[in-house]
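Output the structure for:
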Amino acid sequence: ASDLLRMYILKEHGGIYTDTDMMPAYSKQVIFKIMMQTNGDNRFLEDLKLRRAISDGVLRYVNNQNIDEVNYNEISDADKNIIKKILTEISKMPEDSIFTKINTRIPRDTMPILRRYHLWPDGWNIRGLNGFMLSHKGSEVIDAVIAGQNQAYRELRRIRDNIHSEIYFKQT
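Prediction:
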């Protein structure tokens with residue numbers, strides 16, 4: 001129920017909530033460099049191993065560490081060479097242009113969250129991420145989110161209670 005805890009903290013204190021293991025979204029310039037170096041191959045934005053290698057290199061760059069020490073385990077030599085080219089291009093950029101800036105000036109009773117875009121065979125899947133949220137103290141939108149979360153937990157409890165009562169399931 002850590003998702004509820006996040007909401008109650010935002011409701012009572014306002015501000016920014018972020019998971020410590022979240023990496024900021026890349027800027028448009030970084031995405032452009034990735035797409036140019038890969039000739040539009042979305043795998044480098046979708047495949048977990050490839051994304052992690054790129055993220056490892058970017059984080060090394062912005063932390064003034066050696067980008068040649070990126071973990072390329074289980075990545076083909078061809079993809080490894082492409083990632084090295086991507087990281088070389090990104091390392092030419094000023095550090096403050098690597099990630100998307102987040103506007104912290106928001107209208108009351110709104111709550112910007114991060115979105116993740118995945119290109120699936122049948123189109124784009126857009127997911128909201130609760131690893132970064134921003135809101136004012138006492139925001140009504142937080143109340144609405146908490147109400148939705150509580151409704152989802154009540155539904156899960158109802159399902160669990162039905163399973164435990166054996167109304168729908170009988171032992172054989």
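
Name the residues of stretch 8-21 that are buried.
Residues of stretch 8-21 classed as buried: 10, 11, 17 (neighbour count, 16 or more other CB atoms under 10 Å). Placement of C-beta: from N, CA and C, glycine included.

what separates that stretch from the chain centre, distance-wise?
Mean-position distance between stretch 8-21 and its chain equals 16 Å (CA atoms, centre = their mean, to the nearest Å).

And stretch 85-98, by the same measure?
For stretch 85-98, the distance to the chain centre is 21 Å (CA atoms, centre = their mean).

which residues are in contact with that stretch?
26-27, 29-30, 33-34, 36-38, 44, 54, 57-58, 61-62, 67, 70 (CB atoms under 8 Å, 6 or more residues apart in numbering).

Using PyMOL, define a selection of the buried residues within the residues you listed.
Burial among the contacts of stretch 85-98 is assessed by 16+ other CB under 10 Å; the matching PyMOL selection reads:
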select buried, resi 26+27+30+33+34+37+38+44+54+57+58+61+67+70
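
ok, the closest residue to residue 99 other than its chain neighbours to residue 18 distance?
Nearest residue to residue 99, sequence neighbours excluded (CB to CB, 6 or more residues apart in numbering): residue 24, at 3.9 Å. Look at residue 24 and residue 18: by CB to CB, to the nearest Å, they are 9 Å apart.

Ok, residue 5 next?
14 Å.

about what we covered before: in strands only, show me the buried residues of stretch 8-21.
Among the buried residues of stretch 8-21, the ones falling in strands (DSSP state E) are residue 17.

I'd like the buried residues of stretch 8-21 as TSV, with pLDDT and distance to residue 109 appended.
Output for the buried residues of stretch 8-21, formatted as TSV (pLDDT from 0 to 100; distance: CB to CB, whole Å):
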residue	pLDDT	distance to residue 109
10	91	12
11	92	12
17	85	17
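
Parallel or antiparallel, which strands does the longest strand seen in the chain pair with?
Across the chain, the strand with the greatest residue count (assigned by DSSP E) is strand 123-135. Strand 123-135 sits in its sheet next to strand 15-18 (antiparallel), strand 113-120 (antiparallel), going by DSSP bridges.

The nearest residue to residue 21 once chain neighbours are set aside - how many residues pack around it?
Leaving aside its chain neighbours, residue 21 sits nearest to residue 131 (7.9 Å; criterion: CB to CB, 6+ apart). Residue 131 has 15 neighbours, counted by other CB atoms under 10 Å.

again with the one 10 residues further on
If you count neighbours by other CB under 10 Å, residue 141 ends up with 16.

Make sure the residue nearest to residue 99 is indeed in a helix.
No: using DSSP: H, G, I helix; E, B strand; the rest coil, the assignment for residue 24 is coil, not a helix.
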